[in-house]
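**Q** Here is the input, now give the coordinates:
(chains A and B)
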Amino acid sequence: MNWDAAIPLLVVASSLLPGLVIFTLAEERVYLRTFLNLAGAVIKLGLVVWMIWGVYHQHHYEIRLALLPNLDLVLRAGPLALLFVTLSSLLWLVTTVYAVGYLEGSPHRSRFFGFFSLCVTSTVGVALAGNLITFLLFYELLTLSTYPLVVHRGTEEARRAGRSYLVYTMFGGGLLLLATVWLYTLTGTLEFTPQGFVQQVLATHRPALIVIFALFIAGLGVKAALVPLHGWLPKAMVAPAPVSALLHAVAVVKAGAFGIVRIVYDVFGVEAAAHLGVINPLAWLAAFTILYGSVRALSQNDLKRRLAFSTVSQVSYITLGVAIIGPIASIGGIVHLVHQGLMKITLFFCAGNLAETLGIHKISEMHGVGRRMPWTMTAFTIGAFGMIGAPPVAGFVSKWYLGLGALQAGQGWVVIVLALSSLLNAMYFLPILHAAWFRAPPDHWPAEHDFGHKETAWALLLPPVITAVIAVAVGLLASAPFSPLDWARLIAQREFYQP
Amino acid sequence: MTVTAAGMVLWLVVLWPLLLSIPALHSRLPWPRQLALLPVLVLFLLPTTTALKLPWLLFGSGLALSADLPWLLAMFIVVWWVAAAQFKIFAQGANSSRATTFFLLTLAGNLGTLLAADLVGFFVFATLMGYSFYGLMLAKDEAAAKNTARCYVVALIVGDLALFEALLLAAGASNNLQYAAVQQAMADSSTLPLYLAMVLAGFIVKAGLWPAHIWLTAALRTVSPLPRILLAAVPVAMAMLGTVRWLPVEMVTAATAGYVLQVLGALMLVSASVKWLRARVGAAGWSMLCLIGLFFFLFGHTLVQPSAWRSYAPFVSPYLAIMGIASCLLLLPSLRRNRAQAGDTLSAQTGHCLPERLLAWLSVLRRATVWSKLTVGTQANVTMLKNLGRALTASGGHKPVIPGGVWAFAVTVFVLLILLFAALAG
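**A** Model (predicted):
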């Protein structure tokens, strides 16, 4: 095994090993636990940067470990995998810093951070999976490692949310397994291949392939929160803020959306999917989810629930981008994988800050909070404007490519959906901003904690500020080399222009 | 100075107020608002061909000077300098830092919109300007301004959505999003009617043309004097400038759109007069609304008869500049009243505001400016009348520009009278 082959394995191990050690640590070993968490996150990010450089210079990072006869566990760092791994690794680092500050003094931290590390290990595994069986293994591991995080508070509400989460995701996992096995019996391979591997059986098993595609989408649609499979997501908001950030921006929801991208591009291929006639229904479903999520978000007074319905809406942009056949819309969908993550994690960090510092959970309690917590609310404002699609925040770039791609593909109705979505996003984000910046603050906040002259603890304040700055930077520097947009172009080029 | 260095100056001039808008910075500097304006003066020293495109920025955006910019930059400097000088009356104490942030962000957006060399840059800076101006409207915590600001932000969102759709159509037709390239590409594009509709809808809403004037007339009545004196030069003038820059004027004939614009422009004139008669807007506001109506009336004419654009084009920048300056100066008395109402609490800060003598001089200048606005208005009207006359007397292929030459003449005379009254009343 050469060094290049080992790197994907090391990327997975860099969070797995610290996670396993953290499980064994006593609660009071705060510094060691924090060191292990941060060291793992930094090493992972360093390895990912190394791989980005390598892939840019035509290096091939792949490892194969025998799993079953004719089925290997494959970890491979292609452009699409690297995009997701970079996002997960970067956001894991900031989320770890945030979680350390957020959970300071609370019980069961070793358990929390152990599963936290396992969760990121699974996400990275999902991203680097070189075939469907590897993808499935890590995808299920993600479900199992996230459940303890959702129920971490141990309240009855948390347990209910956890049960709902488990039922939904295990059901989705079952559908995914069924589809995978069925596909394997038809094709004899599960290896992710640019432009798919079902062409060989396209003519002979058309009805079966349509059903398999539907099973895949239903299975992945649970985590990707496609309507009507989204029910677990708003309920899971009882989890601590770092977990919400992880669910919405780094791991779970993204794994579902990423899976849909994989299925369309590397299992079926866009041409075969279009030939089967399954792409347009997927686009309609995504469009419906975009509008449904936004409409539901309008009526939520609980801040995290509003953000959760916003995620339901925004994540479907990725699916929509993939379902509009064409390179430009694909760029929009793929790049939104990163952009949505940056903007949404900012919003969840800020929501956590408001809850931890002032005890604010509801939007009606946010009057004048911008004057009390200006940095937090500036970061929130950037995230919210990004979600609306206002330039120059990252969301503008995503919407630009989605809209342009839709026009290029002759699907003008998508532009109307995008416009409506932006309007609805403005309708549910701008009142929050108005209340926070322009309304008079109350005499007393619901449950204010004293942080001296600072607006909140540094560990809570820095992560949202950093992610907000990155969200603006990736929008402003969209055309720069190595930007997410540049990377997304590379992926779309591979899918649409390879002979 | 090399071309690149001059181009970098352009960017620095825009980035400077953006940087100063950080509260931790501007709260430590004396005169941060005036300091933000100083580098703009450098732009007058640069050649009008100065430009710098940054290929890595957004989709390859750039800033550029052009031959018509000196007029608009002059407006920019006068209006923003007056606003900066009067700022202490507008916001004090706890509100001051927040208001300064919105002030500087609006200023940066305004300047960027003026200097943007392409549609995306224009859109980005106009968005920054628009939302920051919303903040400026509300910075003083006045109950009356809240409903107005809500109307304004709805107009802003609707306008931006329409312009975003137009941007997508433009990007679909042309890889190069610089104004001239887009105008050329859209003139040949099959999506021109949709593009035209989106651009006009977007900018009509943003400029406050009838029937989207509700936010503007409300703003003239209810918002604080400081955002009020910026209204004409900031959101309105930039929307009118956008109409000219985004559309392929002179290259296409769009008779229906042109007639609609002419009707809307005329209705704006009538609506403004009704509001003036009912004392819902003052003479200054009335004059501004009339100038918006007249602008779109004339612009509609160029859509019906593209060749007319050659006559109008030289007047656009002076027209916008003088509208901005005149409206600002005409609205100055409201600031003075505001200052008088502030009473003793401000006496200690008089040194930071415009001295009484200077205000008196400005009052004279204000009257003079109205007359000079009238002069430009007169030139534009004379040009329009010439074009109308040609069109009405032409035989064969020419249709009358608008039904009824007498009506057109009446509209023009009406506008001239309005401006005259405004000058006298001001």
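**Q** Which pLDDT value goes with the residue of the stretch 201-350 of chain A found nearest chain B?
**A** Using Cβ to the nearest Cβ, the point where the stretch 201-350 of chain A gets nearest to chain B is A:Ile328, with a distance of 9.5 Å. (Glycine included, C-beta is placed from N, CA and C.) On pLDDT, A:Ile328 comes in at 90.
**Q** Quick check: it touching A:Gln411?
**A** No. Contact criterion Cβ atoms under 8 Å: A:Ile328 and A:Gln411 do not qualify, at 11.6 Å.
**Q** Could you list the low-confidence segments of chain B?
**A** Confidence mapping of chain B against pLDDT under 70 gives the ranges B:1-3, B:92-94, B:279-281, B:283, B:333-426.
**Q** again, only using 80
**A** Chain B contains residues with pLDDT under 80 at B:1-4, B:88-95, B:139-144, B:273-287, B:326, B:329-426.
**Q** Spell out which residues of it are next to chain A.
**A** B:23, B:55-60, B:94, B:98, B:120, B:123-124, B:127, B:131, B:135, B:138, B:141, B:146, B:153, B:157, B:160-161, B:164-165, B:167-169, B:171-172 (Cβ under 8 Å from any Cβ of the partner chain).
**Q** Just the buried residues out of the residues you listed, in ChimeraX syntax.
**A** To isolate the buried members of the residues of chain B next to chain A in ChimeraX, using 16 or more other Cβ atoms under 10 Å in any protein chain shown:
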select /B:57,58,59,60,98,120,123,124,127,131,135,138,141,146,153,157,160,161,164,165,167,168,169,171,172
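**Q** Okay, and which of the residues of chain B next to chain A map to helices?
**A** Under the assignment DSSP state H, the residues of chain B next to chain A contribute B:23, B:94, B:98, B:120, B:123-124, B:127, B:131, B:135, B:138, B:146, B:153, B:157, B:160-161, B:164-165, B:167-169, B:171-172 to helices.
**Q** and A:Ile328 and A:Gln411? which has more neighbours close in?
**A** Between A:Ile328 and A:Gln411, counting by other Cβ atoms under 10 Å in any protein chain shown, A:Ile328 is the more crowded of the two (24 against 20).
**Q** and the gap between the nearest residue to B:Val236 once chain neighbours are set aside and chain A?
**A** Of all residues not flanking B:Val236 in the chain, B:Ala207 sits nearest, at 5.2 Å (Cβ to Cβ, 6 or more residues apart in numbering or on different chains). Computed as Cβ to the nearest Cβ, to the nearest Å, the B:Ala207 to chain A distance reads 20 Å.
**Q** Quick check: B:Ala207 vs B:Leu261, distance?
**A** Going from B:Ala207 to B:Leu261 by Cβ to Cβ, to the nearest Å gives 11 Å.
**Q** Give the intersection of the neighbour lists for these two.
**A** Common contacts of B:Ala207 and B:Leu261 (Cβ atoms under 8 Å, 6 or more residues apart in numbering or on different chains): B:Phe296.
**Q** got a list of what the residue of the stretch 201-350 of chain A closest to chain B touches?
**A** Applying Cβ under 8 Å, 6+ apart to A:Ile328 gives the contacts A:Tyr401, A:Leu404, A:Gly405, A:Gln408, A:Ala492.
**Q** Could you look up the SS state of it?
**A** A:Ile328 falls in the helix class when you classify it by DSSP: H, G, I helix; E, B strand; the rest coil.
**Q** host element of the nearest residue to it once chain neighbours are set aside?
**A** Leaving aside its chain neighbours, A:Ile328 sits nearest to A:Gly405 (3.6 Å; criterion: Cβ to Cβ, 6+ apart). Here A:Gly405 is covered by helix A:394-408, with elements defined by DSSP states H and E.
**Q** Strands along the stretch 1-150 of chain B, start to end?
**A** B:51-53, B:62-64 (DSSP state E, counting those that start in this stretch).
**Q** Out of these, which is the most enclosed?
**A** strand B:62-64 (a mean of 23; mean count of other Cβ atoms under 10 Å in any protein chain shown).
**Q** pretty sure B:Leu19 is in contact with B:Pro32, am I right?
**A** No. Checked against Cβ under 8 Å, the pair B:Leu19 and B:Pro32 is beyond contact range at 10.4 Å.
**Q** and for those two, which residues touch both?
**A** Listed contacts common to B:Leu19 and B:Pro32 are B:Leu25; contacts here mean Cβ under 8 Å, 6+ apart.
**Q** quick one: which of those two has more around it?
**A** Legend: neighbour count by other Cβ under 10 Å for B:Leu19 and B:Pro32, higher for B:Pro32 (21 against 13).
**Q** Which residues are in contact with that one?
**A** Residues near B:Pro32 by Cβ under 8 Å, 6+ apart: B:Leu20, B:Leu25, B:His26, B:Thr100, B:Leu104.
**Q** Narrow these to those in helices?
**A** Among the contacts of B:Pro32, the ones falling in helices (DSSP H) are B:Leu20, B:Leu25, B:His26, B:Thr100, B:Leu104.
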